[in-house]
Each structure stands twice: as C-alpha cells, then as structure tokens.
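A.B. asks: Structure, please.
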Amino acid sequence: MKSAFRIIYIPLIIFSFSSLAEEPEHVGSLISACADGQMEICDQISLLEHPAEPVSPLDAMALNFSKQTDQLELEEDKVPDLGKAYPLIIRDYFSNENISEEKRKKWFKEAALENCAQHYHMLWRMEKNWWPVDKNGNPDWRAIYPHVLDHYFGYCVYN
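C.D. replies: A predicted model of the protein is given here:
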C-alpha cells in the first residue's frame, strides 16, 4: 500500500501544489489593469469572483439567500448583523430540498444556534473587524453564506 501511495498520490500532490504556485500571466495583468482604473477589467474580475449563474447547489442557495436580505433587514449602514443572519442562514440551508432528512436529524441543532450566532458575530465583527463586501461596499451575502456554514460545521456542531 505504501508504494502504491508513493506512485500515485505523491506526483499528484506535487503537481497540485506546483500548479497553485504558478499564477498565469494574464491574471496578473488583469489585476494590474484594474488597479490602474480600467473599470471594465474590474467588472470582468468581479464576474470571475461571482458568476451571474450559480456554479453549485450551495452557491445557488447563497445567491437565493442574498436576494432576500433587504426584506430581512440584516444590515445597517453597510454593516451586517451577523448574529441575526447566522440562524437564518443555517435554517435556510437545512430547509433546502437537497438536504436529506437524515442529514437534518444528524447535523441541525436548533438549540445551539443562538450561542453559535453570538460566537460568529463576535469573531467577525469584534476580532476580525471585516466581512466580505461587494463592489459597492455592501455586505456580500453570497460570500457570507458559506462562511457561516463553515463556522457551523467546523465549530458549532462539535462544541
């Protein structure tokens, strides 16, 4: 088994890291052009960050949630209320038809949401003092959504 690992996985790992280390020249030139004030290039980069169409089921959930945030009153003066948004995002995720009942029963912990929300809010607003924003400086709920899920599954369900 050890030799099979060395033959198959080590070259794959090396290739993966080497390809990450090399930034294509055109990416650097796009970033430079945007920094120089070419707004159409900045718009192209923005599309790379957030394509108009969702690229995964999770991205579709995040996009749908981001379209509801005005009605939910989750921000004030471009500052997100992450404590209020947290349980809404978690409930939204688990209410999705793509999430099986088995996964809901195993992972959804309603009783823990308030404490998890406060921990997340304090972590991002008080310690890190930043959050993902869109090009207009508004909270980027499409990007915040997976961050909340990452916290929930990485911290909350285990504490």
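A.B. asks: give me the element residue 121 is part of.
C.D. replies: With elements taken from DSSP states H and E, the one containing residue 121 is helix 113-121.
A.B. asks: by contact count, what packs against that helix?
C.D. replies: Packed against helix 113-121, as judged by 3 or more Cβ pairs under 8 Å, 6 or more residues apart in numbering; DSSP states H and E, are the following elements: helix 82-95, helix 141-154. Using the backbone N, CA and C atoms, a C-beta is placed for each residue, glycine as well.
A.B. asks: So what are the structural domains in this protein, by residue number?
C.D. replies: Under automatic domain parsing, the residue ranges defining each domain of the chain are 1-49, 53-159.
A.B. asks: would you list those in a markdown table and tack on mean pLDDT and mean neighbour count?
C.D. replies: As requested, the domains of the chain are exported to a markdown table (pLDDT from 0 to 100; neighbours: other Cβ atoms under 10 Å):
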| stretch | mean pLDDT | mean neighbour count |
| --- | --- | --- |
| domain 1-49 | 49 | 10 |
| domain 53-159 | 91 | 15 |
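A.B. asks: Understood, closing this out.
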